[in-house]
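Enquirer: fold the following.
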Amino acid sequence: CIGRLNRRRSWVEFYLAFRKRQQYIALYKRFANHIDCDWMTSLSRAEVKEMLAIENDCSISVDGIMTWRDLADAQVNLEKTKHIANKESRKKSKGAFSTFFKSKSSGELEGADDAPISLSIEELRELEASLQESTETELSSDSKLAIVDFTLTSFCVDLIGRGMRPLAKYALGKLSADFLANQDGSFAFGLQLQSVALHDLVTHQTKFPTILKSLQSTSNALDFKLKKSRSGDQSLFMNLVAFEIVASPQFVVEVMEFAKFESSAKAEVEVLDDNNDDIEGEPERQIMREGAADKLSLAIADAWSHKKSTKQVWQVDCNIKAPIFIVPENCIDAQATALILDMGSFRFLYGAPPAASVRDWFQANSKAAFDPDYVDYLALEMNHLAFYVGTVGEYMDASRNGQITSSGAAIIEPIFLSIDCGIDNSTVELSRTCIMSVLPDLNLQLALEQ
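Expert: Residues are numbered from 1 along each chain as shown. Predicted coordinates for the structure are as follows:
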C-alpha cells in the first residue's frame, strides 16, 4: 500500500512501510483494547497523534489501514486466549504450600495479571497467513451485506378534468421501507404506510368528502414485515386496517366521463398499424401471462418441497381488516338510502400452536411413522361479515361512534367462520390433511320494504 501515489518500490520504501505497519498495529491494539485488557496501557497524547498521522498518510490506502486493524484484532484475540490459559495454569500451580505462603503468592498473582502478553514469531506468521487466506476467499452469492432505508413523507395526486375542473385528490401518508441483508444470508424487510385518502371534489355539499380512507386511530394503515434467519427459517407479519369505500354516484359518472375523454384522445393519436400489431401480439401476451402463472406456481411448489426436505420453520400472521363498501342513493341527502357491506376481518395463521380438535385427530389417527413435528398447522378466521340497509345519516352517526352494526337494518347478520387445518408431512408418498370448520349461525332477513 506504500507508494501508490509516488509509484516508488525501492527497498527504502518497503522498510518505511514495514516500520509504519509495526507502529500502527502496536498503537491501535492499545487504543482499542486497553479497557478490556489489563496488560495494555492507554495511549498518551503523543502516541495518539502518531497513530492519527499514520491514518492520515496519503501513501497508505484505506484497505491497508483496515488490513492492519484486522491483524491487530487477531493478535488481541490470541493474546486474550494466552492470558486466560496463563491464569488457569497459575491457579493449578498453587498447591498445598500456597496456604503457608499466602500473602506472598497472592501478591505475585495480582502482579501476574498485569504482565504483558507476548506472541512468538511463529504465532504472528500463522495469524498473517490465516488472515491472508480469509481475505482471499470469495463470498458466496448469498453472502451479501446491504442496508436500505427509504422514507416518503407525503405524496399527492390531483385529477383534473375538462376545463381545468378538479375531480379528485389522492393523498398518501408517510411511506417508509427498510431492508437489511446480512452476510450469513439472513435478511429483514419492513414496509409501513401511515394513511391513504381519496377526496371527492365533484359532489358539492357531500356527506362523504372522502370516498376512500383508511380507518385507524394510532396505528399505520399497513404494516408488513418479512424476516429470514441464517438457517432458512422465515416469518411474515402483515396488518392491514379497514378501508371505507363510498360509491358516490356523481363522482363515478365524472370519472367515467374522464376515462372516455382519455380513451378518445389516445384513439386519435394511435396509428392503424399499431392497432394491428396489438391484435397480432395478443396471443403472445396471453402466452406470457400463462407462463408467468406457471412459473409462480412452480416456484411455490419448489419452496414448499425445499421446506419439507430441510425442516425449515415458517411463521405467517396476516391480520386483514376487509374494506367497508357504502353504496348511497346520493351523497347529499342524509335521508337517502344506503347499502353497507362490511367485509369484517380475516386472520390467517401458519406455524401457530395447533387447535385442540386438529391435534386430537392426528393423535387418534396416527400411524407408526407419524411425527408431530412434521405437521403444519393453519388457521383462518373470518369475523363480522355483514350487510346492512339504512340511510346516509344513520351510517354517519354510527361511524362517528364506531358502531357500524347500528347503521341500519341487517339483511345478513354478522357471520363468524373459523377453519383449522393440519397437514402431515411425515411421509413423502402421502400427506394427510385434517380440516375442522365452525360456522355458528347464518341469519338472513328479507322484507318487502327493504
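
Enquirer: what about the closest residue in space to residue 423 that isn't next to it in sequence, distance to residue 315?
Expert: Among residues not flanking residue 423 along the chain, residue 376 sits closest, at 4.6 Å (Cβ to Cβ, 6 or more residues apart in numbering). For every residue, glycine as well, the C-beta is placed using N, CA and C. For residue 376, the distance to residue 315 equals 11 Å [Cβ to Cβ, to the nearest Å].

Enquirer: same check, this time on residue 246
Expert: Residue 246 is 37 Å from residue 315, by Cβ to Cβ.

Enquirer: if we can go back for a sec, who's in contact with the residue nearest to residue 423?
Expert: Counting by Cβ atoms under 8 Å, 6 or more residues apart in numbering, residue 376 makes contact with 314, 350-351, 422-423, 425.

Enquirer: which two of those lie the greatest distance from each other?
Expert: 314 and 422 (14.5 Å; Cβ to Cβ).

Enquirer: output whichever strand or helix holds residue 387 as PDB, nothing but the C-alphas.
Expert: Per DSSP states H and E: residue 387 is located in strand 375-391. Coordinates of each C-alpha in strand 375-391 appear next as PDB, following Å, rounded to 0.1, in the frame of the first residue of the first chain:
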ATOM      1  CA  VAL A 375     -47.400 -31.500  11.000                       C
ATOM      2  CA  ASP A 376     -48.000 -28.000   9.600                       C
ATOM      3  CA  TYR A 377     -51.000 -26.200  11.200                       C
ATOM      4  CA  LEU A 378     -53.000 -23.400   9.600                       C
ATOM      5  CA  ALA A 379     -55.900 -21.300  10.900                       C
ATOM      6  CA  LEU A 380     -58.300 -19.000   9.100                       C
ATOM      7  CA  GLU A 381     -60.800 -16.800  10.900                       C
ATOM      8  CA  MET A 382     -63.500 -14.600   9.400                       C
ATOM      9  CA  ASN A 383     -65.300 -12.200  11.700                       C
ATOM     10  CA  HIS A 384     -68.200  -9.700  11.400                       C
ATOM     11  CA  LEU A 385     -69.100 -10.200   7.700                       C
ATOM     12  CA  ALA A 386     -72.500  -8.300   7.500                       C
ATOM     13  CA  PHE A 387     -74.800  -6.500   5.100                       C
ATOM     14  CA  TYR A 388     -77.000  -3.600   6.200                       C
ATOM     15  CA  VAL A 389     -79.600  -1.300   4.700                       C
ATOM     16  CA  GLY A 390     -80.100   2.200   6.200                       C
ATOM     17  CA  THR A 391     -79.700   5.900   5.500                       C
END
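
Enquirer: what are the boundaries of the helices in the stretch 301-450 of the chain?
Expert: For the stretch 301-450 of the chain, the helices defined by DSSP state H, counting those that start in this stretch cover 356-364, 392-401.

Enquirer: looking at those, which one is packed in the most?
Expert: helix 392-401 (a mean of 16; mean count of other Cβ atoms under 10 Å).

Enquirer: how far does that one sit from the chain's center?
Expert: 37 Å (Cα atoms, centre = their mean, to the nearest Å).
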